[in-house]
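**Q** Pasting a predicted model and its sequence here:
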Amino acid sequence: MKAPLIFVLIAALFLFPALSTGEISKDISEVRLSNGLKVIMLENHKAPIVSFQVWYRTGARNEIAGKTGLAHMLEHMMFKGTEKVSGEQFVRAFYELGGEQNASTSHDFTYFFESLASNSIAVPIDFESDRMSNLVLRESDFRTERMVVLEERRMRVDDDPQSFLLEQLEAAAYQSQPYHWPVIGWAQDIERLTIDDVKAFYSRYYNPANAFIVVTGDFKKKDLLLRLEETFGKIPAGTAAPRLFIEDPRQPGERRVIVEHPAQVGSLVVGWHVPNLRSEDSYVLEVIKAILAQGKSSRLYDHLLRGKALVLDSSVDYSLTSQDPGLFYISCSFLPGKDPKEIEQAVYEELELLKTGPLGTRELEKAKNQLEASFVFDQESIESMGEKLGEYETALDWSAINAYVPSIRSVTPQDIQRVASRYFTAQNRTVGILSPSKPSSEAVPQPSGGGIKQRSIRYRASR
């Protein structure tokens, strides 16, 4: 009798060994199929489970004004099936195998994944290769999914005060970059989308030249590649989309966004334009993020929440693996009766301490240890390891993951002061403040304790 997959999945979390932090590339191989489709493989036989992921180098960044939300809409439509098998048949068959499957859309990419017992790996391979080129796009399905997406937007953004504030802030912070619009799209644009828009987007971006595969876990490389060549390798390569690097011009001064929205408490989010992993400064920003907000001994928690009792929660978000330079966010939810100006000033004072105050060796080492521990933990799950490889591949190249730990370890107190002084300036920031208006009759969600969601939020629907 086969063990239930849920137990296999749990076992895999513990049996899949963390890769040596300085020697990750030696455990990973890269092969291209006859049509040029890249396959990234991490073979490990500690548990009989495999994660199969298909990544497309397209997301909200590939949309145009007036057609926002198209990448996310196509993600939904990808579950409607092909001529060979309907979406419903695939989902039902997959869950009968005890597997997990879903998809995710961001500004920079869209990916589809399946995790299941390794002896059933042919199932996702056959289905993913089929829908890469033979997806059936029906008007009736599109109209239904458009209503689903509009409701998803209402629940996740319009009825969520912090998400609504973040959306408004990013629209002000970014001007030429496509991060200006939300991944889920503006409501008016979603309403205007047509099935022809979806078909054109699918035809343009869903092909081997604009995709890659990540496979992690229990498989035999030779057998896997033969199967992939028989399925994906027969698909015409297509044309790769241009991989543009887009960066906003230097911000000429502080921007401020004041939002009135039904809410129980007010919120603050401040974003500074910063580089991604193409710059060595990105690793310094990772360390700063940990110093400010990693755990209850972090500076923001210790000073703003526990010390001055100004906020309900605080967080810092930063995406190292965005394709274009992004924002470094600090967010807080206010305690009732507290002055927003005082809270904003307290945030800036914490950043000034990074610029001028000496950083102790113990605090710096703690931040580095936390980041390295998190990095290693991500490698313990075959699914999360595949996801991390995919993120690096879309941002630059999967092998860039090798630089993470050495770069974090090399950060000095002087680097902290230099980077904080360079980016955390008044001219470079965009400030968003949510002022609670009179709540509607519907219940308003309480603060989650996690602060504002980061820019690289992905839309993943439970299926």
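**A** Everything's here; your move.

**Q** domain ranges for the chain?
**A** 20-234, 255-438 (automatic domain parsing).

**Q** now the ones you listed as CSV including mean pLDDT, distance to D248 and mean neighbour count?
**A** C-beta here means a position set from N, CA and C on the backbone, and glycine is covered the same way. Converted to CSV, the domains of the chain look like this (pLDDT from 0 to 100; distance: least, CB to CB, whole Å; neighbours: other CB atoms under 10 Å):
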stretch, mean pLDDT, distance to D248, mean neighbour count
domain 20-234, 95, 5, 19
domain 255-438, 95, 7, 19
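
**Q** now those as CSV including distance to A241?
**A** Below are the domains of the chain laid out as CSV (distance: least, CB to CB, whole Å):
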stretch, distance to A241
domain 20-234, 5
domain 255-438, 12
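
**Q** how about the strands in the stretch 151-300 of the chain?
**A** 211-217, 255-262, 267-274 (DSSP state E, counting those that start in this stretch).

**Q** Go ahead and confirm F328 touches S282.
**A** No - F328 lies out of contact with S282 (CB atoms under 8 Å); the separation is 9.9 Å.

**Q** list residues touching both of these two?
**A** V274 (CB atoms under 8 Å, 6 or more residues apart in numbering).

**Q** Please name the spatially closest residue to F142 (chain neighbours excluded).
**A** In space, and not counting its chain neighbours, F142 is closest to I195: 4.4 Å by CB to CB, 6 or more residues apart in numbering.

**Q** for the strands of the stretch 151-300 of the chain, which one sits closest to V311?
**A** Among the strands of the stretch 151-300 of the chain, the nearest to V311 by CB to CB is strand 267-274 (8.4 Å).

**Q** neighbouring contacts of the closest one?
**A** 161-162, 165-166, 169-170, 173, 248, 251, 281-282, 285, 318, 325-334, 340, 343-344, 347, 423-425, 428-434, 447, 451-452.

**Q** Now, those residues that are in strands?
**A** Under the assignment DSSP state E, the contacts of strand 267-274 contribute 318, 326-334, 429-434 to strands.

**Q** dump the residue contacts of the residue nearest to F142.
**A** Neighbours of I195 in contact, by CB under 8 Å, 6+ apart: 137-139, 142.

**Q** for H45, same thing?
**A** Going by CB under 8 Å, 6+ apart, H45 touches D218.

**Q** Kindly confirm my reading that it is in a helix.
**A** No - with DSSP: H, G, I helix; E, B strand; the rest coil as the criterion, H45 is assigned coil and is not in a helix.

**Q** Make 563 the starting number, not 1.
**A** From this message on, residue numbering opens at 563, which makes the last subject H607.

**Q** ok, now how distant is it from G661?
**A** Remark: distance between H607 and G661 (CB to CB, to the nearest Å) = 19 Å.

**Q** Next: H669.
**A** 28 Å.

**Q** which stretches of the stretch 663-812 of the chain form helices?
**A** Secondary structure of the stretch 663-812 of the chain, counting by DSSP state H, counting those that start in this stretch: helices at 684-695, 701-715, 723-735, 749-754, 757-767, 783-793.

**Q** Please dump these into CSV; it should also carry distance to I590 for every row.
**A** Formatted as CSV, the helices of the stretch 663-812 of the chain follow (distance: least, CB to CB, whole Å):
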stretch, distance to I590
helix 684-695, 19
helix 701-715, 35
helix 723-735, 34
helix 749-754, 38
helix 757-767, 26
helix 783-793, 11
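
**Q** out of the ones you listed, which comes closest to G828?
**A** helix 723-735 (8.9 Å).

**Q** Just want the angle from that closest one to helix 701-715.
**A** Orientation check (axes from the mean of the first three to the mean of the last three CA atoms, to 10 degrees): helix 723-735 against helix 701-715 gives 100 degrees.

**Q** now for helix 723-735, which elements pack on it?
**A** strand 817-824, strand 829-836, strand 888-896, strand 991-999 (3 or more CB pairs under 8 Å, 6 or more residues apart in numbering; DSSP states H and E).

**Q** which one of the domains of the chain lies closest to A802?
**A** It is, among the domains of the chain and with distance given as CB to CB, domain 582-796, at 4.1 Å.

**Q** distance between that closest one and the chain's centre?
**A** 13 Å (CA atoms, centre = their mean, to the nearest Å).

**Q** So S668 versus Y618, what's the distance?
**A** 11 Å.

**Q** cool, and I797?
**A** Counting by CB to CB - I797 and Y618 are separated by 13 Å.

**Q** give me every residue that touches the residue nearest to G631 when sequence neighbours are not counted.
**A** The shortest distance from G631 to any non-neighbouring residue, by CB to CB, 6+ apart, is to G747 (1.9 Å). The neighbourhood of G747, defined by CB under 8 Å, 6+ apart, consists of 622, 625, 630-632, 634-635, 711, 715, 755.

**Q** which one of those residues is nearest K930?
**A** A622 (33.0 Å).

**Q** Just to check, that closest one is in contact with Q739?
**A** No - in this structure A622 lies outside contact range of Q739 using CB under 8 Å: 11.0 Å.

**Q** Setting aside sequence neighbours, what's the nearest residue to T793?
**A** S691 is the one closest to T793 (CB to CB, 6+ apart), at 3.7 Å.

**Q** how near is the one you found to V685?
**A** Following CB to CB, the distance that separates S691 from V685 is 11 Å.

**Q** same thing with A929?
**A** 43 Å.

**Q** next one: R718
**A** Applying CB to CB to R718 and V685 gives a distance of 31 Å.
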